[in-house]
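S.K.: Return a 3D structure for these sequence lines:
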Amino acid sequence: MLQEKTYEKKIMKYGWEALLGLWEAVKEGKTPGWKAGKAFEYLVIRAFQLDKADVRYPYSVRLDGDELEQIDGVVYYDGIACLIECKDQNTSINIEPIAKLRNQLLRRPGQVIGCVFSREGFTAPAVTLAMFTAPQTILLWTGEEIDYCLRKHFICRALISKYRNCIEKGLRDYNITVEDIP
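M.R.: As a prediction, this is how the structure comes out:
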């Protein structure tokens, strides 16, 4: 708990340009002062916060003193509530994080969606599983999209775009870099 508060205080000092620098360090695997994967988690949540979303930084859900779940963050924006899962790995993400998030969503109200952020993208089975998690909605975000959002200084409009493409076309892995988001 103390470590999480330290990370939260640290990331609150970051603006868009500093986040872009942290993103470059994450991609290089050089994030001194951060435990493995933590810089990525806090970077994603801070980007949403900078873009005017209400956020909750990483936390644990406990039941009778035991950790039941570890949540990488929560984002509330424009009527959308989403649980965040971040994976900072050198390889494409397989199905496990998607299955984990699906189970976490099962314990939440039906309108809550999930977002999985992966520095290196997703395997074909992971994309397929995301397409069939109904009624839970899980949107997939790649490193290319994260980079795009950090450079454009927005991420909330990208969330709305991904969500609308999921509603309209059934796409869980819509690549927001292919459009010019105003």
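S.K.: what bits of this protein have low per-residue confidence?
M.R.: 1, 182 (pLDDT under 70).
S.K.: mind redoing it with 80?
M.R.: By pLDDT under 80, the low-scoring segments of the chain are 1-2, 180-182.
S.K.: what are the ranges of the strands in it?
M.R.: Assigned by DSSP state E, the strands in the chain fall at 54-56, 59-63, 66-71, 73-77, 80-87, 113-118, 138-142.
S.K.: Farthest from the middle of this structure: give me that residue.
M.R.: Asp64 (27.9 Å; C-alpha atoms, centre = their mean).
S.K.: ranges for the helices of this structure?
M.R.: Along the chain, the segments classed as helices by DSSP state H run 2-11, 16-28, 38-50, 96-106, 124-131, 143-152, 156-169.
S.K.: looking at it, Glu120 is touching Trp141, isn't it?
M.R.: No - Glu120 is beyond contact range of Trp141, at 11.7 Å (criterion: C-beta atoms under 8 Å). No exception for glycine: its C-beta is placed from N, CA and C like everyone else's.
S.K.: between the two, who's got more neighbours?
M.R.: Counting neighbours by other C-beta atoms under 10 Å for Glu120 and for Trp141 shows that Trp141 has the greater number, 27 against 14.
S.K.: related to what we said a few turns ago, want to throw the strands of the chain into a markdown table with distance to Leu101?
M.R.: Shown next, in a markdown table, are the strands of the chain (distance: least, C-beta to C-beta, whole Å):
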| stretch | distance to Leu101 |
| --- | --- |
| strand 54-56 | 15 |
| strand 59-63 | 13 |
| strand 66-71 | 10 |
| strand 73-77 | 12 |
| strand 80-87 | 5 |
| strand 113-118 | 4 |
| strand 138-142 | 6 |
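S.K.: Once you drop chain neighbours, what's closest to Leu171?
M.R.: Excluding the flanking residues, the one nearest Leu171 by C-beta to C-beta, 6 or more residues apart in numbering is Asn165, at 4.9 Å.
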